[in-house]
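# following is a predicted model, sequence given first.
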Amino acid sequence: MSRTDPAPPVTGPPATRPPARRRLARGAGRAGQYLALLCYLVFLGFPLLWLLSTSLKSPQELGSIDPSWIPRDPSLANFRAAFDAQPLLRSALNSLVVATSAAVIAVAIAVPAAYVMVRHRSRISRAGTVWILVSQMFPFVLVIIPLFLVLRNLHLINQLPGLVIVYVVWNLPFALWMLRGYVRAVPISLEEAAAVDGASRLRTLTSVVLPLLTPGLVATLMFSFVTAWNEFFFALVLLKSPEKQTMSVILTHFIGAEGVADLGPLAAAALLATLPSLLFFALLQRRLVSGMLAGAVKG
Amino acid sequence: MRRLTRARLIAGAWTLALLGAAGCGGGSPDDDGRVTLEFLSLAWQAESVAANEALVEQWNAANPDVQVRYVQGSWDNIHDHLLTSFEGGEAPDVIHNDASDLTDFANGGFLADLSPLLPDALLADVPEAAWSTTTYEGGIYGVPFLQEPRVLVANTTLLERAGVRLPTPEEPWSWPEFEAAGAALTEDADGDGDTDTYGVAWSMREPVTQTVNLSLSTGGEVFTRRDGKNEVRYDPADSAVAELIHRQVHEDGTAARGSLGMTGSDTLPGFFAGRYAMLPLNFSFRQQVAQQAPDGFDWTVLPMPSGGPRHGLAQGVAPQTLSVAEDSDHQRAAADFIAFLAQPEHQVALAQGDWMLPTSQQALADPALDTEEYGWRTGTRIASELRPSPVLGVRGYPEWKDKIATPALQEYYSGAIGLDTLRDKLTDDGNRILDRYQR
């Protein structure tokens, strides 16, 4: 039946309204759900709101024993100080280039790899799965010196492409792990039907499988982007020139010895650092939802 | 299909554009015969960064053949950052760090011995005690140029109201007088049984450094050297200040218990609100106090209590240092630049930027620092009493600090364990760790 067919006539008995008590219980349940959702949103949004509030406060207000949500005398002085003290725009651009490149490349490599691992099960693909899990257990400090030496031999120290390669390698196992689940959820019968209709393997993958993977691709892209955007240690060690440093490294320049911090400008800079991630989510989340819906009506 | 191809093309172009943007720029080698030194600075406050950059500009203008490139580093992870750079042969030429980090790097052969490279004027201007913080087995591995003692930042109004004598570097409080002053300042203003003002707030989230450094004031030193080996000792002289803090918190109620888990910054709001009358803080914290104090808030800087005629105002410090990487191709030029930064007038500028004390004798005597404002005079007058922190030169100290001393001292200050248990943990468990580094 197509979605444009007229609705069949109603032949059963007319629907009766549920009793008032049940309606009340249902309404209370719905209100409880909204309340829980609101609490969850407040919980998630608290750090961001507090960051915003802190970034607008004067040093005197930051030193007050009674912290308030609403700044008494809000000003943008901390933002000006942050921009004066550090090259925030340049570092944000560096982060954007690195994070976007790393996310796109990691996903581009992970998609075919995940497909092969799911559809062509063999000892190698099983070993690959185990390797994914094991690779997630390496601590940064264990790999940083060998990695540093390898990148130096490739003349990629202090180069953003060097950092992109590191992030791709670092993100790839988890991206692969995420996409495996999405590929497995695509019914193989769809691919068989496409083959019966005469579609080539490539056509099946691009026209049938990839559209259904859209939510997975978007989610993996988001994950890879945010991981690369927030990463600090590799960026600190591998990028030496001030003009190459990323946002996460620049943020630590507001912190001194023994954890002393220039709190107002730090909050302002940290708030700015969260904006690209939020924008990225805002842009992609529609694709995430539309992809899910597209998958829901297939077949 | 056409749509698909276009999408692919766009994706490919976007990736190439991003990689192209990533690859553009980059440092150039010294191919014009000019030396370029990389200076990794850990200055972070705006005034301090400005002072460093101004000096670099001044140097570059006067030395066209030896240009210095200023790179701002971060105190966060500096050890791992440098270790990776050293191992990878990519270390900066001139390195700003603190003396406690030099031991392992000097032992690892990563730092150049500066003793033949530094001018006599600099060697004579910085006191022997400061040089000893960076000297290992006869070599000098860093120039100590900034240092900061612990001082008491005090609410002048509360001190005057309590009628306590204001100590000076010439006539400091003894530790018993400090305890008595703390008691006089502790107040239950509304009589509800709860303390409204505590005499002192000890911020003890990182308790090891201040416990060890302040022990010098009572004749302790925690680390001793016997038969060429470092050993942990925790005798009554070593533990006197720790016992006093414990007594103030748990017996007298003159020190705020809640502050034990705080950093120095965390205690400031309570200080401004009159909840704490005195804060033992590092000298550079004055900047935060000056910046955040409410209008009309009257505060002063006092010396830490004296350990009597024998020990005076002694306390341990680990100065900030300037070193040269062993791998640097331009060690002489790097040492010349360090000597330039360490000139007395330049040390004054750097000290003012960081709100710390210079190590140079001439800089300490500079009129710019001889002012009552923000307690500068108190600092310059206690400078001669400062001693190298006992932790300097002790291999294995970072592990002892993290695994043994920090949790043990936190337990002791919170009242979870007694002095005997603390002593056993610091010495028995601690010496096992140090032994591993000294085999």
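All right, it came through fine.
# pull out the buried residues from the host helix or strand of B:Ala121.
Element membership for B:Ala121, per DSSP states H and E: helix B:120-125. Along helix B:120-125, these residues count as buried under the neighbour rule (16 or more other Cβ atoms under 10 Å in any protein chain shown): B:Leu122, B:Asp125. Backbone N, C-alpha and C define where each C-beta goes, glycine included.
# what of stretch B:195-215?
For stretch B:195-215, a neighbour-count test (16+ other Cβ under 10 Å) marks B:195, B:197-204, B:206-215 as buried.
# keep only those of the residues you listed that are in strands.
Judged by DSSP state E, those include B:Tyr198, B:Gly199, B:Val200 as members of strands.
# distance to chain A and pLDDT for these - can I get that in a markdown table?
Formatted as a markdown table, those follow (distance: Cβ to the nearest Cβ, whole Å; pLDDT from 0 to 100):
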| residue | distance to chain A | pLDDT |
| --- | --- | --- |
| B:Tyr198 | 13 | 97 |
| B:Gly199 | 18 | 97 |
| B:Val200 | 17 | 98 |
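# kindly reformat those residues as JSON lines containing distance to B:Leu146.
Formatted as JSON lines, these follow (distance: Cβ to Cβ, whole Å):
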{"residue": "B:Tyr198", "distance to B:Leu146": "31"}
{"residue": "B:Gly199", "distance to B:Leu146": "31"}
{"residue": "B:Val200", "distance to B:Leu146": "26"}
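# spatially nearest residue to the residue of chain B found nearest chain A (excluding sequence neighbours)?
Nearest residue of chain B to chain A (Cβ to the nearest Cβ) works out as B:Gln292 at 3.1 Å. Nearest residue to B:Gln292 in three dimensions, chain neighbours excluded: A:Gly63, at 3.1 Å (Cβ to Cβ, 6 or more residues apart in numbering or on different chains).
# tell me the confidence at that neighbour?
pLDDT, A:Gly63: 82.
# name the spans of the stretch 251-400 of chain B whose pLDDT lies under the cut-off.
By pLDDT under 70, the stretch 251-400 of chain B has no low-scoring segment.
# name the element B:Val68 belongs to?
Taking DSSP H and E as the definition, B:Val68 sits inside strand B:66-72.
# that strand pairs with which strands, parallel or anti?
Strand B:66-72 pairs in its sheet with strand B:35-41 (parallel), by DSSP bridges.
# average pLDDT across the next helix or strand after the partner strand?
Using DSSP H and E, the next helix or strand after strand B:35-41 towards the C-terminus is helix B:46-62. What helix B:46-62 shows for mean pLDDT is 95.
# remind me which residues of chain A are low pLDDT?
Across chain A, residues meeting the criterion (pLDDT under 70) sit at A:1-18, A:287-299.
# re the thing from before, contacting residues around the residue nearest to B:Gln292?
Each residue near A:Gly63 by Cβ atoms under 8 Å, 6 or more residues apart in numbering or on different chains is listed here: B:Leu268, B:Pro269, B:Phe272, B:Gln288, B:Gln292, B:Ala293, B:Pro294.
# quick check: residues of the stretch 51-200 of chain A near chain B?
Applying Cβ under 8 Å from any Cβ of the partner chain, we find that the stretch 51-200 of chain A lies next to chain B at A:59-60, A:62-66, A:81, A:84-85, A:97-98, A:100-101, A:104-105, A:108, A:141, A:144-145, A:148-149, A:152, A:157-161, A:164.
# how near is the residue nearest to B:Gln292 to A:Ala257?
A:Gly63 sits 20 Å away from A:Ala257, going by Cβ to Cβ, to the nearest Å.
# now do the buried residues in whichever helix or strand B:Pro176 is part of.
Per DSSP H and E: B:Pro176 is located in helix B:175-185. Going by neighbour count (16+ other Cβ under 10 Å), the buried part of helix B:175-185 is B:Trp175, B:Phe178, B:Glu179, B:Ala180, B:Ala181, B:Gly182, B:Ala184, B:Leu185.
# which residues sit against stretch B:409-420?
Contacts of stretch B:409-420 with the rest of the structure, by Cβ under 8 Å, 6+ apart, involve B:202, B:204, B:207-208, B:211, B:239, B:242-243, B:245-246, B:249-250, B:260, B:408, B:421-422, B:425.
# run the last query once more with 10 Å
Contacts to stretch B:409-420, defined as Cβ atoms under 10 Å, 6 or more residues apart in numbering or on different chains, come from residues B:202, B:204-208, B:210-212, B:234, B:236, B:239, B:242-243, B:245-246, B:249-250, B:255, B:257, B:260-261, B:401, B:407-408, B:421-426.
# and that stretch, how far from the chain's centre?
Taking Cα atoms, centre = their mean, to the nearest Å, one finds stretch B:409-420 lying 25 Å from the centre of the chain it belongs to.
# quick one: end-to-end length of that stretch, please.
12 Å (Cα to Cα, to the nearest Å).
# with stretch B:145-165 instead?
Terminal residues of stretch B:145-165 lie 34 Å apart, using Cα to Cα.
# so for that stretch, what gets flagged as buried?
B:145-155, B:158-159, B:162, B:164.
# could you do stretch A:241-249 as well?
Buried residues in stretch A:241-249, counted by 16+ other Cβ under 10 Å: A:Pro242, A:Lys244, A:Gln245, A:Thr246, A:Met247, A:Ser248, A:Val249.
# between the two ends of it, what distance do you get?
The first-to-last residue distance of stretch A:241-249 comes to 11 Å (Cα to Cα).
# many thanks, I have nothing further to ask.
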